[in-house]
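Novice: coordinates for the following, if possible.
(2 chains)
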Amino acid sequence: MKMEKSYKNKAIRLRFYYLLISIGLIFAFASYASFTETPRPDTGHLENEIKQVLGRNIKCRKIIVQIMMSKEKPGEIKTLAVKFESAVLGNMVVDYITVVYEKPVIDFNQLTKAKKFKILSSSNNKVGILISAQAIDNYIAAKAKQYRNNQARVSVRFSPPYAECFFDIPVSGIPPQTLKLLAGYVKGKKIEGYAAVQMSAKNNSLWVQSSKAIINHFLIPGTVIQKLQNILNPIDRVFVLTPLLYSINHVSVQNNYLFLSN
Amino acid sequence: MFRGKLKFLSGIILLVIVVIAIYVYCLYRQGGTEFYTPPVEKTEAPQKQIIKDMTVLSSAVEAYYAKNLKYPESLAELKPEFVGKIPLEAGTEKSFIYQSDETDRYRITVTNASRYGFKELFIENGKIIQK
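Specialist: Next up, the predicted model:
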């Protein structure tokens, strides 16, 4: 009878321990699972990880990633800012590109496993691209070289709100349609002159409006300028860096930079 | 009769040639390197000018952020990299009021919005508010 009772107690005790261990294991597993699903963003580590992933895809001199956490909601990212210095944007090396996401939701799985930077959603984002006159000069020179037009000389100067353009281009490097319009102003084998332009952008396309143009010592009349603009616009497209995806819709000419923003 | 008509016609042709020559001469005269200058910006009415100036300043503040990842402490920091000179309020020549927490918010306000026909006039984080 006594033995039977002690066996019964032992069995109850065992069951109790088993239950405790099971609860402990379930709790530990659950907390691990919840941790892996939504990791607590350690900003320093996350900044480095984003920096490394972006560095693989985007050619630039330096990347700075800055994460600001929300004070009201712990664990929520308030802003994520990424700045690239001397970044290669298509055929142009621009001085700075900065993209800021507000309340971004980062795809952590893609970031850690596939080493890809992807923003699932954000409440707002803004992009700013700063391009110096030197960067534009280099870009135009490279393009001229690409079209085997090595004698073309173009330089840009910023006089807000205008961008001033000084040019000396061989006639052979000018498209026939443009040359036809300027036929009356072409003397010899080159066109040399000046243009003051204002710029605008829409969906990454860049447009120019010239207020003044001088070619081979002749001030070009407004009607000819208008026809030229119709042929040349949009003059270029802003290259979009794949993981960042932005649309440039504003351009402002500043003292040292051309500032493109969304 | 015929001679008279011929004289009149040749007179007209001569006049047209002279006008064209003057026009071409004017275009030629204005094409020297001394004219390689941008057009002079017209000063607008204060109500338009103030918005134009605030937009220029806001754009410069945004450009400053794009370079430094923070907003400037004062508008003076925009000089000379982003603006040549800090515009003053059109009509009063007072300085714009600039406030910023440097990290994620800035505001450019006029000292007296009613002067420009508004109850409120400011730019906050790039958005112009005019009521």
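Novice: what does the helix or strand where residue A:154 lies contact?
Specialist: Under DSSP states H and E, the secondary-structure element containing residue A:154 is strand A:153-159. Taking contacts as C-beta atoms under 8 Å, 6 or more residues apart in numbering or on different chains, the residues outside strand A:153-159 that touch it are A:133, A:136-137, A:140-141, A:144, A:163-169, A:196, A:253-258, B:38. Every residue, glycine included, has its C-beta placed from N, CA and C.
Novice: those residues, buried ones only, as a PyMOL selection?
Specialist: Here is the PyMOL selection string for the buried members of the contacts of strand A:153-159, based on 16 or more other C-beta atoms under 10 Å in any protein chain shown:
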select buried, (chain A and resi 133+136+140+141+144+163+164+165+166+167+169+196+253+254+255+256+257+258) or (chain B and resi 38)
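Novice: what residues does the stretch 51-200 of chain A put near chain B?
Specialist: A:64, A:66, A:68, A:78-79, A:81, A:83, A:95-98, A:126, A:128-130, A:159-162, A:164, A:166, A:193-194, A:196 (C-beta under 8 Å from any C-beta of the partner chain).
Novice: are any of the residues you listed buried, and which?
Specialist: When burial is judged by neighbour count using 16+ other C-beta under 10 Å, the buried members of these are A:66, A:78-79, A:81, A:83, A:95-98, A:126, A:128-130, A:160-162, A:164, A:166, A:193-194, A:196.
Novice: tell me which of those fall in strands.
Specialist: Residues of those located in strands (DSSP state E): A:66, A:78-79, A:81, A:83, A:95-98, A:126, A:128-130, A:162, A:164, A:166, A:193-194, A:196.
Novice: give me the residue from chain A nearest chain B.
Specialist: Scanning chain A for the residue nearest chain B gives residue A:128, at 3.0 Å (criterion: C-beta to the nearest C-beta).
Novice: give me the distance from the helix or strand hosting residue A:229 to the chain's centre.
Specialist: Assigning secondary structure by DSSP H and E places residue A:229 in helix A:222-232. Taking the mean C-alpha point of helix A:222-232 and that of its whole chain, the gap between them comes to 31 Å (C-alpha atoms, centre = their mean, to the nearest Å).
Novice: in that helix, which residues are buried?
Specialist: Buried, per 16+ other C-beta under 10 Å, within helix A:222-232: A:224, A:225, A:227, A:228, A:229.
Novice: pLDDT of it, averaged?
Specialist: Helix A:222-232 shows a mean pLDDT of 91 in the predicted model.
Novice: what sits up against it?
Specialist: Residues outside helix A:222-232 that contact it (C-beta under 8 Å, 6+ apart) are A:177, A:178, A:181, A:182, A:208, A:209, A:210, A:213, A:220.
Novice: tell me the one of those residues nearest residue B:124?
Specialist: Top of the list for closeness to residue B:124, among the contacts of helix A:222-232 and by C-beta to C-beta, is residue A:209 at 28.9 Å.
Novice: bridging residues for residue A:196?
Specialist: Taking DSSP bridges, one obtains residue A:164, residue A:212 as the residues bridged to residue A:196.
Novice: residue B:127 too?
Specialist: Legend: beta-bridge partners of residue B:127 under DSSP bridges are residue B:124.
Novice: look up how far chain A lies from it.
Specialist: As defined by C-beta to the nearest C-beta, to the nearest Å, residue B:127 lies at a distance of 11 Å from chain A.
Novice: look at that residue and report its pLDDT.
Specialist: Confidence at residue B:127, expressed as pLDDT, is 90.
Novice: that one: neighbouring residues, count only.
Specialist: In terms of burial, residue B:127 registers 8 neighbours under the definition other C-beta atoms under 10 Å in any protein chain shown.
Novice: over to residue A:150?
Specialist: Neighbours of residue A:150 under the rule other C-beta under 10 Å: 11.
Novice: so who does it touch?
Specialist: If a contact means C-beta under 8 Å, 6+ apart, then residue A:150 has residue A:144 as its contacts.
Novice: tell me the pLDDT at it?
Specialist: Reported pLDDT at residue A:150 in the predicted model: 74.
Novice: hang on, it is in a helix, isn't it?
Specialist: No. Remark: residue A:150 does not belong to a helix; assigned using DSSP: H, G, I helix; E, B strand; the rest coil, it is coil.
Novice: now residue A:189. Nearest residue, chain neighbours left out?
Specialist: When the adjacent residues along the chain are set aside, residue A:189 lies closest to residue A:171, with 5.3 Å between them (C-beta to C-beta, 6 or more residues apart in numbering or on different chains).
Novice: and that neighbour, how far from residue B:51?
Specialist: With distances defined as C-beta to C-beta, to the nearest Å, the gap from residue A:171 to residue B:51 amounts to 44 Å.
Novice: those two: which has the busier surroundings?
Specialist: With other C-beta under 10 Å as the criterion, residue A:171 and residue B:51 differ in neighbour count, and residue B:51 comes out ahead with 19 against 13.
Novice: return the distance of the more buried one relative to chain A.
Specialist: Relative to chain A, residue B:51 is positioned 14 Å away (C-beta to the nearest C-beta).
Novice: same question for residue B:76.
Specialist: On the measure of C-beta to the nearest C-beta, residue B:76 and chain A end up 14 Å apart.
Novice: give the contact list for that residue.
Specialist: Contacts were defined as C-beta under 8 Å, 6+ apart; by that measure residue B:76 touches residue B:86.
Novice: confirm it sits in a strand?
Specialist: No. With three-state DSSP as the criterion, residue B:76 is helix rather than part of a strand.
Novice: so what pLDDT did it get?
Specialist: Looking at residue B:76, its pLDDT stands at 93.
Novice: out of the helices and strands in chain A, which is least certain?
Specialist: Comparing helices and strands within chain A by mean pLDDT, DSSP states H and E singles out helix A:2-37 as the least confident, with a mean of 54.
Novice: hmm, who's touching the helix or strand just after it?
Specialist: From helix A:2-37 onward toward the C-terminus, using DSSP H and E, the following helix or strand is helix A:43-57. Where contact means C-beta under 8 Å, 6+ apart, the residues beyond helix A:43-57 that reach it are A:63-67, A:69, A:80, A:82, A:84, A:106, A:111-112, A:115-117, A:241-243.
Novice: which among those residues count as buried?
Specialist: The neighbour-count test (16+ other C-beta under 10 Å) marks A:63, A:65-67, A:80, A:82, A:84, A:106, A:111, A:116-117, A:241, A:243 as buried among those.
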